[in-house]
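> the following comprises the amino acid sequence and a computationally predicted model.
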Amino acid sequence: MTDSQITAAYDARAAEYIALAGELEQMEAPDIELIGRWRDGTSGPLLDAGCGPGLWTAFLHDGGREVRGIDLSEEFIAAARLRHPGIEFQVGSFRELPFADASFGGLLAWYSLIHTPPEDLTGILAEFARVLAPGGSILIGFFDGEPRLPFAHAVAPAYYWDAASLTALLDAAGLTVTASDRRDRAPGAISTRPHGSVTAIRR
């Protein structure tokens with residue numbers, strides 16, 4: 001999908017999405033624990049890339065960190081600013097991030113790459129690497145499955161990935177994977193699809 005198509009899809013359903021998954025308390029405990037450990041293990045400013053209504057941005061900020069959020073959806077950014085005053089949020093694309101080289105010590109991309117066409121992911125990961133300082137960390141959350149296989153996500157078409165495939169792409173972008181995780185979703189979770197994550201360091 002193009003950026004404009006993704007934006008339109010999420011803008012149209014922003015209120016529904018926020019009601020379903022707009023609060024930290026609606027997230028799974030293992031996700032909160034993982035992102036908390038990652039946050040506390042990084043240094044320097046953090047970027048929440050694909051911040052949605054800002055729940056994870058606020059979680060990073062509550063850990064005493066300088067953090068910024070960016071998202072394609074104007075509706076999400078408006079909601080994030082209203083819900084989390086004091087944190088800087090802006091509308092923008094991953095394809096050309098409005099930040100200087102080496103601006104951040106950490107970048108969180110939690111399920112925010114799932115709609116990216118597989119052929120575009122290499123360039124976006126290189127852009128993520130550009131804004132990370134050497135030694136900076138990236139944490140990516142994704143739906144685990146057959147790599148590059150599309151599926152019918154509730155908001156917009158999305159793609160499965162796995163840790164091995166993402167490791168190769170991250171390595172090509174100058175990022176070395178240091179950890180990965182996979183688990184099935186618990187009954188009653190927001191999504192029933194298997195979860196995956198990778199953590200990598202900027203070389």
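Yep, it's here. Numbering: from 1, shown residues only.

> now Glu88. Nearest residue, chain neighbours left out?
Arg68 (4.8 Å; CB to CB, 6 or more residues apart in numbering). For glycine as for every other residue, the C-beta is placed from the backbone atoms N, C-alpha and C.

> okay, the one you found and Trp161: tell me how far apart.
25 Å (CB to CB, to the nearest Å).

> returning to what we had before: who's the residue nearest to Glu88 bridged to?
Leu47, Glu88 (DSSP bridges).

> before we move on, what about Asp181?
Bridge pairing for Asp181 - DSSP bridges - gives Ser197.

> that one and Ser197 touch, don't they?
Yes - applying CB atoms under 8 Å, one finds Asp181 in contact with Ser197, separated by 4.7 Å.

> these two: which is more packed in?
Between Asp181 and Ser197, counted using other CB atoms under 10 Å, Ser197 has the larger neighbour count: 24 against 15.

> residue boundaries of the strands in this protein?
Under the criterion DSSP state E, strands of the chain are mapped to 46-49, 67-71, 88-91, 104-110, 132-143, 150-151, 158-159, 175-183, 195-202.

> parallel or antiparallel, list what pairs with the longest one.
When you say that, I think you mean strand 132-143. Strand pairing (DSSP bridges) places strand 132-143 next to strand 104-110 (parallel), strand 195-202 (antiparallel).

> any idea how far Asp162 is from Phe99?
Distance from Phe99 to Asp162, by CB to CB: 29 Å.

> cool, and Gly135?
26 Å.

> residue ranges in the protein under the pLDDT threshold?
Residue ranges of the chain with pLDDT under 70: 188, 190.

> surely Trp38 touches Ile138?
No - counting by CB under 8 Å, Trp38 stays clear of Ile138, with 9.3 Å between them.

> what touches both of those two?
Gly106, Leu108, Thr199 (CB atoms under 8 Å, 6 or more residues apart in numbering).

> verify the stated contact: the second one with Ser137.
Just to be clear, that refers to Leu108. No - applying CB under 8 Å, one finds Leu108 not in contact with Ser137, separated by 9.3 Å.

> what touches both of those two?
Trp38.

> quick revisit: the more surrounded of Trp38 and Ile138?
For Trp38 versus Ile138, neighbours defined as other CB under 10 Å are more numerous around Ile138 (27 against 19).

> so the nearest residue to that one once chain neighbours are set aside bridges to which residues?
Using CB to CB, 6+ apart and skipping the chain neighbours, the partner closest in space to Ile138 is Leu107 (4.7 Å). For Leu107, the beta-bridge assignment (DSSP bridges) gives partners Leu47, Ile138.
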